[in-house]
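Asks: When you get a sec, could you give me coordinates for this:
(6 chains)
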Protein chains: 6
Amino acid sequence: MKIKVINPNTTTSMTATIAAAARAVASPGTEIIAITSRSGAVSIEGHYDEAMSIVGLVDAINEGPVADAHVIACFGDPGLLAAREIAAGPVLGIAEAAMHAASFVATGFSVVTTLERTRIIAEHLVRNYGMEHHCRRVRATDIPVLELEKPDSNCRKLILEECERAIVEDGSGAIVLGCAGMADLNAWLEDKLGVPVIDGVTAAVKFAEALVSLGLRTSKRGDLAYPLHKPYKGALSAYAPADRNPAPTRKLG
Amino acid sequence: MKIKVINPNTTTSMTATIAAAARAVASPGTEIIAITSRSGAVSIEGHYDEAMSIVGLVDAINEGPVADAHVIACFGDPGLLAAREIAAGPVLGIAEAAMHAASFVATGFSVVTTLERTRIIAEHLVRNYGMEHHCRRVRATDIPVLELEKPDSNCRKLILEECERAIVEDGSGAIVLGCAGMADLNAWLEDKLGVPVIDGVTAAVKFAEALVSLGLRTSKRGDLAYPLHKPYKGALSAYAPADRNPAPTRKLG
Amino acid sequence: MKIKVINPNTTTSMTATIAAAARAVASPGTEIIAITSRSGAVSIEGHYDEAMSIVGLVDAINEGPVADAHVIACFGDPGLLAAREIAAGPVLGIAEAAMHAASFVATGFSVVTTLERTRIIAEHLVRNYGMEHHCRRVRATDIPVLELEKPDSNCRKLILEECERAIVEDGSGAIVLGCAGMADLNAWLEDKLGVPVIDGVTAAVKFAEALVSLGLRTSKRGDLAYPLHKPYKGALSAYAPADRNPAPTRKLG
Amino acid sequence: MKIKVINPNTTTSMTATIAAAARAVASPGTEIIAITSRSGAVSIEGHYDEAMSIVGLVDAINEGPVADAHVIACFGDPGLLAAREIAAGPVLGIAEAAMHAASFVATGFSVVTTLERTRIIAEHLVRNYGMEHHCRRVRATDIPVLELEKPDSNCRKLILEECERAIVEDGSGAIVLGCAGMADLNAWLEDKLGVPVIDGVTAAVKFAEALVSLGLRTSKRGDLAYPLHKPYKGALSAYAPADRNPAPTRKLG
Amino acid sequence: MKIKVINPNTTTSMTATIAAAARAVASPGTEIIAITSRSGAVSIEGHYDEAMSIVGLVDAINEGPVADAHVIACFGDPGLLAAREIAAGPVLGIAEAAMHAASFVATGFSVVTTLERTRIIAEHLVRNYGMEHHCRRVRATDIPVLELEKPDSNCRKLILEECERAIVEDGSGAIVLGCAGMADLNAWLEDKLGVPVIDGVTAAVKFAEALVSLGLRTSKRGDLAYPLHKPYKGALSAYAPADRNPAPTRKLG
Amino acid sequence: MKIKVINPNTTTSMTATIAAAARAVASPGTEIIAITSRSGAVSIEGHYDEAMSIVGLVDAINEGPVADAHVIACFGDPGLLAAREIAAGPVLGIAEAAMHAASFVATGFSVVTTLERTRIIAEHLVRNYGMEHHCRRVRATDIPVLELEKPDSNCRKLILEECERAIVEDGSGAIVLGCAGMADLNAWLEDKLGVPVIDGVTAAVKFAEALVSLGLRTSKRGDLAYPLHKPYKGALSAYAPADRNPAPTRKLG
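Replies: Residues are numbered from 1 along each chain as shown, chains lettered A, B, ... in the order given. Predicted coordinates:
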């Protein structure tokens, strides 16, 4: 099967980290198509950066080969429901996948993320995904996203220390890494901490494989049906939805 | 003061209805700057339409005169937090304003909206705004947004009947109209129903005036601070945030 | 329009502070009728003080000119739903107004109030108003209410320090002042803190003006209908409700 | 022990029903002191009636013999926290007692109450007491409170039918009677329905006995401490709290 | 009446402490039948210990005299709903009883329990019982359960200190003791702390007496009806439910 | 990898259905070890049946080959946290897996289960898993579990009709099948209904594979650590936990 792993951050080096993590866990028959968004912020660190990333996300879904599933590789899960509308197969956000995975292996987990301003975004996701009782705290390290890529930064040390505080102070049994740019840290952290450390990129790839194997696709009944066919104006006129919703063959109700 | 009332739907006739409603309630010193988004869906009826409306919303905020406050005139409140990041003054969504207004005049209200698929969007907003206990039900009429503009449609009748069911079946004491395109219906409905009927456009304009008069502006500490200065790539490179966050004059913590 | 701003604390000097704050933000056409309750506690600092303040609140609503809207100027919002039953126009509590205003300009706020024992009252209001996700913490300074009026007290300093802790420890983007007696502090605090500081008296006055301008009145269908006509006994016999609920002109359901 | 069962409704015949129910379940050593409030509504059927009942409730607590515990015999539990402030021993509301008892014998219950407008009051209590998951629905019969006393009314039939609907439609395993005036109906209903039917008056009396036997009294640390000593003005000056809070003998924190 | 107080921990000395506490508060006409489970962990300190305690709990319910009510004397309330299915009379867990009692005498309480790993179990109960708003925090002392029985341990000192922190840091007005093995500590702690300290064993006994006096039994409609008659296999074949659900005499719905 | 799929119902024909479903979706390298519990109810249909199934579940985990992951194939997920304590690898309940999968492909789903009395058990799981906002309703068909196996029953028709009602009345976009005995129905139903229909057995197998591939194991820090080493008494003495918790190599806090 083909899984598109889309990095909504427009930084190709970050995509390389994400792609390597994805391929390291993919099943033999799975092709990982890693895509760097071609428009928007080099690093997504706020509501505005997120909102402006969705055009590039849509491009990445629409162009190139049709994928069996999609992964949105940014911890804010930008455009998740919009992507589900236009995709036939499952779409997973990495925050969503990581939190669900954590809830399977621990009764409480903490999220360790980058900037303080993205902490609040993660807290909103915790509520959207029904994880209020499982997520004991979202912790910010105040590391800018792209700082994670610099080999000589002290990011690893700061993240490790924050994870240790999470375990002790929050009583958490697992750690969720709150940034796609941390996708290469989980093994190292798990070894240091002795608790499960979950990276959303790899979790999302495996859950996407699982859903495809189960034959599950995004429900096309209700709010996730294909967008209604209609004109779009101006610079986005090319994004007008085609008429994809089939005429119902069986009338319910 | 200047209030930009932005219609993220790219249909100018709908903007005319919205502008008329806004001006009818604006205070003498308030200038309503009504703007039709220049890119995106002619009618916003789903997550995808919403997500694709934000570029046009950002354009409308950034261009032309600087406003003291902004109103997002689409009941899904698309891009609300992103808009708050880039605006200095208050930004209000019409769903947000209508629900808060309803909670001031009734202990329980129902939302009456258009399509079934947008019902779920409204339900998500109910939770985001903490209105789970005040909002007794979101009801869809299955009227397409642009149908509201056709004088010979039976929209008014369908909406009135749904409101009546809301009052009787939900035990609601007030009705929130779930679409900017219904901004001219509230007086007529209120007269028929005998309970407060709240249109979000007018509620948002008055609350925006109130916040500006109070000297309240969007907090620039935390997740609503101006977007971090950074490059944007591709078709959206012009949307890269300028460096607007002032150096802190007083260090807290 | 006429807005009655009722101080349920029976201390006239506090009413003077409240009235000055109210008048400073009122629109040109708004008359602020500031009333000191004539019975009950000189300062409301608990459930009992609150409960015993409602007779005076009812007197203030019933006597003198009929107002278009009412503001209950005590942060516990005592008697709010009872007042809504007997008033035709909107009634706003200052805690309610302040919290809603704060939710419009920040994703998270803290309340800074007076005594520890009133902290719990504020926490109950947070839940009643659906603000659990917006209000990050209610903080008590342990300042008695009337101490706020003494010019040589160190109240201002204590409140400022608590606000600073709220911003740093709670990650809050705005401050809600938890006492009507703090109505003259918000500008000074906002200047020191660099985040929105919201006083409920002024917020309530502006929201009351907004609701009246929108033609919104308290719903008279359901629990906020005028009290049922019936005898009252004993010392309160004069408070027996008159027969004000009109015969319904249109039967719903 | 002495338990004051206070009827905040000023109708003595209703108090007779309440007192008979209370005495029928009281332990041999328990003296039931049944008191009709001497001021306020003949029947409490709304927020205003409730708020105006608290002066009479306070009188009933303060006058006559000192009781070991108090029961507030009105399903809205008016003035519960205020009463807890001024009483040393436990104070129980009948709604509170009934809902807690129901949660001990069924995983889901329904409340069957009188007027539609009091349904909303009961719903607020459900939330205050953390019963959202246990209480499946609050149902109103639209029977005025005093109608319950009329022997030739069809109240019993209406209540029975509503209880039957609760069992079938709500899937409830128990019924909570939502009015002190129904205190003589539970045995009859239980016989007809085959599920536990809980009257709050009797439940509150037994729980009050239990708490007194356990030596538990209302916590005087925090918001339920005796009201702070201070002047009261006007008609309520006699209600000014005495200085009852002891100087702390051991400083915590 | 007969109340079986069942200690699911298979340690008879702990049962002696529990029985003494139960008998000290029981009414004259109440016979306390204290039973030590005959199978399972000597001390229940986790999900597995709890799950494995239920066979012994069922034995204790089924064997010997038929009781009017049952108390499960382990703070995790293991097997509570299963026990309610097989018992006719009320069944109370001591965590359940203690939390409900605490909510009657304070607006906020803290639980002070033994091991950190049982803290999470208590937190789950807090949610199951709707006590999220009343329980401010569950605190673990990291004392193993059987350590409580050793006269020369420093358990009392550690528990006292944790209670003091609960009062100061959590702002709690009452303490709930989180282990049946603490049933002899509440009077001593209450004397030291000056706030209500609630032991679940005694609270459960008194509430069980109250329910029996009220004539309330476990609802046999819905999920708490007697288990369906069916074969059980293997080592547990003797536990197959008999056919106890009576044919309904009156059809509802 | 080896995955034990444990049927806590002691009916081997049901296990055959479960095993076939599991093997149909397992990856090439996955060995499904299907086990019928050897003690307890032939069909689990209540709290008591569930509680009594855990001894057999523990046997199935402990005996035979060591598995990399475990699936509990009964929709009530009996003994889930106890199983997580004793297992090193991940343990998934089928209700848990199905609800999480449903939340990935639809914003709202309904559960269609067997008996009315198990409906409440499913509702408790919905809350435990944070699915209150995703699960729109749990619907019972009142089909006994073993009836599902009878080829000439009308079970399929009844289930299909209930699913249709779920889609229309609840507005759900997906169906979760609420019984392991329905593991062979999802393809047929999905074809009829046109929305995703999720069987928990297959979902749990794929998620278990995903977690194992990610290297995730149950957290052994906190409440899911191996049970504390201690004696067990009586018939269950063989179930006493061995001493498996390693001495910590690195002290946190």
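Asks: Checking the closest residue to chain E within the stretch 101-250 of chain A next. Helix, strand or coil?
Replies: Here the stretch 101-250 of chain A gets closest to chain E at one residue, A:Thr107, 5.4 Å apart by CB to the nearest CB. In short, each C-beta sits where N, CA and C put it, glycine included. Under DSSP: H, G, I helix; E, B strand; the rest coil, A:Thr107 falls in the coil class.
Asks: quick one: contacts of stretch A:143-152?
Replies: For stretch A:143-152, the external contacting residues (CB atoms under 8 Å, 6 or more residues apart in numbering or on different chains) are A:9, A:11, A:13-14, A:17, A:42-45, A:114-115, A:153, A:155, A:158-159, A:179, A:181-182, B:228.
Asks: Restricted to buried residues, select these in PyMOL.
Replies: Applied in PyMOL, the following selects the buried portion of those according to 16 or more other CB atoms under 10 Å in any protein chain shown:
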select buried, (chain A and resi 9+11+14+17+42+43+44+45+114+115+155+159+179+181+182) or (chain B and resi 228)
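Asks: Give me the subset of the contacts of stretch A:143-152 lying in strands.
Replies: Counting by DSSP state E, no part of the contacts of stretch A:143-152 is found in strands.
Asks: Now, the contacts of stretch A:143-152 that are in helices?
Replies: If you go by DSSP state H, the contacts of stretch A:143-152 have A:Ser13, A:Met14, A:Thr17, A:Cys155, A:Leu158, A:Ile159 in helices.
Asks: quick one: is stretch A:98-108 near chain F?
Replies: Yes: counting by CB under 8 Å from any CB of the partner chain, chain F has neighbours in stretch A:98-108: A:His100, A:Ala101, A:Ser103, A:Phe104, A:Val105, A:Ala106, A:Thr107, A:Gly108.
Asks: May I see those residues arranged in TSV, with neighbour count as well?
Replies: Formatted as TSV, those follow (neighbours: other CB atoms under 10 Å in any protein chain shown):
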residue	neighbour count
A:His100	28
A:Ala101	29
A:Ser103	23
A:Phe104	27
A:Val105	25
A:Ala106	29
A:Thr107	25
A:Gly108	23
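Asks: would you turn these into CSV with distance to chain D and pLDDT?
Replies: Shown next, in CSV, are those (distance: CB to the nearest CB, whole Å; pLDDT from 0 to 100):
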residue, distance to chain D, pLDDT
A:His100, 23, 98
A:Ala101, 27, 98
A:Ser103, 20, 98
A:Phe104, 24, 98
A:Val105, 26, 98
A:Ala106, 24, 98
A:Thr107, 19, 97
A:Gly108, 21, 97
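Asks: can you redo those as TSV with distance to chain C?
Replies: TSV is the format used below for those (distance: CB to the nearest CB, whole Å):
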residue	distance to chain C
A:His100	21
A:Ala101	24
A:Ser103	20
A:Phe104	25
A:Val105	27
A:Ala106	24
A:Thr107	22
A:Gly108	19
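Asks: I'd like to know which of the residues you listed is nearest to chain F.
Replies: A:Ala106 (4.0 Å).
Asks: can I assume A:Asp184 is in contact with A:Ala19?
Replies: No: the pair A:Asp184 / A:Ala19 is not scored as a contact, 11.0 Å apart, by CB atoms under 8 Å.
Asks: Any part of stretch A:125-134 near chain D?
Replies: No: using CB under 8 Å from any CB, stretch A:125-134 stays clear of chain D, coming no nearer than 13.2 Å.
Asks: Extract the CA atoms of that stretch and return them as CSV.
Replies: The C-alpha trace of stretch A:125-134 is given here as CSV (Å, rounded to 0.1, in the frame of the first residue of the first chain):
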residue,chain,number,x,y,z
LEU,A,125,-6.1,18.6,20.7
VAL,A,126,-6.1,16.7,24.0
ARG,A,127,-9.7,17.8,24.5
ASN,A,128,-10.7,17.2,20.9
TYR,A,129,-9.5,13.6,21.1
GLY,A,130,-11.1,12.9,24.4
MET,A,131,-7.7,12.5,26.1
GLU,A,132,-8.4,14.8,29.1
HIS,A,133,-8.2,11.9,31.5
HIS,A,134,-5.2,10.2,29.9
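Asks: Rounded mean pLDDT for that stretch, please.
Replies: The average pLDDT within stretch A:125-134 is 97.
Asks: For it, buried residues please.
Replies: Neighbour count says stretch A:125-134 has A:Leu125, A:Val126, A:Asn128, A:Tyr129, A:Gly130, A:Met131, A:His133, A:His134 buried, by 16+ other CB under 10 Å.
Asks: Can that stretch be said to contact chain E?
Replies: Yes: counting by CB under 8 Å from any CB, chain E is contacted by stretch A:125-134 at A:His133.
Asks: Can you show me the helices along the stretch 101-250 of chain A?
Replies: Secondary structure of the stretch 101-250 of chain A (DSSP state H, counting those that start in this stretch): helices located at A:116-128, A:155-170, A:186-193, A:200-213.
Asks: Next, the angle helix A:186-193 makes with the longest one.
Replies: It stands for helix A:155-170. 50 degrees (axes from the mean of the first three to the mean of the last three CA atoms, to 10 degrees).
Asks: Give the buried residues for helix A:155-170.
Replies: Across helix A:155-170, burial judged by 16+ other CB under 10 Å covers A:Cys155, A:Arg156, A:Ile159, A:Leu160, A:Glu162, A:Cys163, A:Glu164, A:Arg165, A:Ala166, A:Ile167, A:Asp170.
Asks: So for A:Asp184 and A:Ala19, which sits in the more crowded spot?
Replies: A:Ala19 (21 against 17; other CB atoms under 10 Å in any protein chain shown).
Asks: circling back to that earlier point, now the buried residues of helix A:155-170 as CSV including distance to D:Gly79 and pLDDT?
Replies: Converted to CSV, the buried residues of helix A:155-170 look like this (distance: CB to CB, whole Å; pLDDT from 0 to 100):
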residue, distance to D:Gly79, pLDDT
A:Cys155, 57, 91
A:Arg156, 59, 92
A:Ile159, 53, 95
A:Leu160, 55, 96
A:Glu162, 48, 97
A:Cys163, 50, 97
A:Glu164, 50, 97
A:Arg165, 45, 97
A:Ala166, 44, 97
A:Ile167, 46, 97
A:Asp170, 40, 96
